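> Next input, structure requested:
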Amino acid sequence: MRVGVVLFVVVAAVFGSGGQAGAAPKPSLKFAKIQYDAPGPDTRDNSQLNREYVVIKNTGRKAVPLRNWTLRDAQRHTYKFPKFTLKPGKTVTVHTGKGKNTAAHLYMNRSWYVWNNDKDTATLRNAKGVKVISRSWGKPKPKPQPSLDPRFSTCAQAKANGYGPYYKGRDPEYHWYIDRDGDGVVCE
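The predicted model follows:
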């Protein structure tokens with residue numbers, strides 16, 4: 001039993017609790033809000049541009065230095081963070097337009113919108129380019145509709161082309177043909 005405990009302690013000391021030697025803990029950051037569709041008309045007015053923003057929250061217990069981190073959209077419009085540290089439990093709002101950076105507000109200094117209203121992805125990467133968090137939005141792709149077999153004049157033609165049998169209540173093609181024996185199956 002002691003050999004097992006000693007072996008565990010040695011493995012834990014080398015690999016840590018994450019299972020990888022030298023792995024740094026992942027910062028506890030999340031997107032608290034993404035206002036990708038600024039209320040009102042899309043104009044180049046700076047106050048309107050600043051109504052488009054991303055709020056990042058530090059949910060951890062340690063401050064996270066964000067210097068040289070990047071925030072970008074799917075089209076690779078990229079904002080590089082200045083020297084900035086996000087304290088535990090705090091948020092920072094990254095606005096699209098221009099303004100004076102503070103402890104709670106940063107500005108991309110752009111003259112047009114970054115985040116697409118219909119669909120986009122916000123990605124926060126650390127200074128080494130490793131993705132830390134990401135969030136996508138937009139209209140989901142429509143579910144593919146089940147395709148129907150070609151409509152033939154007769155079951156014989158359908159079967160000759162490798163289609164059928166069709167079952168009542170399961171296959172829409174069932175109603176295209178006559179169920180002569182009434183067993184709920186056609187083109188058998």
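> could you point out which element follows the lowest-mean-pLDDT helix or strand in the chain?
Here the helix or strand of the chain ranked lowest by mean pLDDT, DSSP states H and E is helix 2-15, holding a mean of 39. Next in sequence after helix 2-15, counting helices and strands by DSSP states H and E, comes strand 29-35.
> Show me the strands paired with that next one, marking each as parallel or antiparallel.
With DSSP bridges as the test, strand 29-35 is paired with strand 53-58 (antiparallel).
> quick one: average pLDDT of the partner strand?
On average, the pLDDT along strand 53-58 is 98.
> now stretch 167-177
Mean pLDDT, stretch 167-177: 90.
> The protein: strands as residue ranges?
Ranges of strands within the chain are 29-35, 53-58, 64-65, 70-72, 78-80, 85-86, 91-95, 105-107, 119-125, 131-138, 166-167, 185-186, based on DSSP state E.
> just checking, what packs against the last one?
What that stands for is strand 185-186. strand 166-167 (3 or more Cβ pairs under 8 Å, 6 or more residues apart in numbering; DSSP states H and E). C-beta coordinates here come from the backbone N, C-alpha and C atoms, glycine included.
> Just list what the strand it packs on packs against, helices and strands only.
Strand 166-167 is packed against strand 185-186, with contacts defined by 3+ Cβ pairs under 8 Å, 6+ apart.
> Need the contact partners of the strand it packs on.
Here strand 185-186 makes contact (Cβ atoms under 8 Å, 6 or more residues apart in numbering) with 155, 164-168, 173-174, 176-179.
> In PyMOL, select just the buried ones from those.
Entered in PyMOL, the line below selects the buried ones among the contacts of strand 185-186, by 16 or more other Cβ atoms under 10 Å:
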select buried, resi 155+164+166+173+174+176+177+179
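> Need the contacts of strand 185-186 in a markdown table (columns: distance to residue 91).
Shown next, in a markdown table, are the contacts of strand 185-186 (distance: Cβ to Cβ, whole Å):
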| residue | distance to residue 91 |
| --- | --- |
| 155 | 66 |
| 164 | 61 |
| 165 | 61 |
| 166 | 58 |
| 167 | 57 |
| 168 | 58 |
| 173 | 56 |
| 174 | 58 |
| 176 | 60 |
| 177 | 63 |
| 178 | 67 |
| 179 | 65 |
